[in-house]
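Participant: build me a model:
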Amino acid sequence: MEWHLTKNELPKENVYVLIHIPSEPWVARTSTVFYDVAKVVKGISEEEREKLDDSNPRKTTYCFGDVFGNNLVPYQWETFGPATYFGQEVVAWAYIDEFKGEK
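Facilitator: Down below sits the predicted model:
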């Protein structure tokens, strides 16, 4: 299994991958390593939002994955269940079974 750093590249959208989080974010930091299965959902940055025309609804509508609030990068991670992760919480990801999102 080959790991990819999120600071260098992201997987294709709508492809579930194994993600690595340094410690489980919603527990009192009891574990030192945490893995989950998730897909990346891309949003827009504040700079991209500023460049939008005022008539564009995305100018004033914030979506999952956008840089907003505690999410510091223009993407977030969505799991099969109710868990989601801010983009910066995941440090690395790997394709499951070398699928690589190809069909």
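Participant: quick one: strands adjacent to the lengthiest strand in the chain?
Facilitator: Ranked by residue count and defined by DSSP state E, the top strand of the chain is strand 34-42. Paired with strand 34-42 in the same sheet, following DSSP bridges, are strand 17-21 (antiparallel), strand 75-79 (antiparallel).
Participant: now these in a markdown table, with mean pLDDT, mean neighbour count and distance to E9?
Facilitator: Bear in mind the C-beta positions are built from the backbone N, C-alpha and C, glycine included. A markdown table is the format used below for these (pLDDT from 0 to 100; neighbours: other CB atoms under 10 Å; distance: least, CB to CB, whole Å):
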| stretch | mean pLDDT | mean neighbour count | distance to E9 |
| --- | --- | --- | --- |
| strand 17-21 | 94 | 19 | 11 |
| strand 75-79 | 96 | 20 | 12 |
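Participant: quick one: mean pLDDT over the longest strand of the chain.
Facilitator: For strand 34-42, the mean per-residue pLDDT is 94.
Participant: quick one: contacts of that strand?
Facilitator: Residues outside strand 34-42 that contact it (CB atoms under 8 Å, 6 or more residues apart in numbering) are 10-11, 13-25, 64-65, 74-80, 83, 85, 90, 93, 96.
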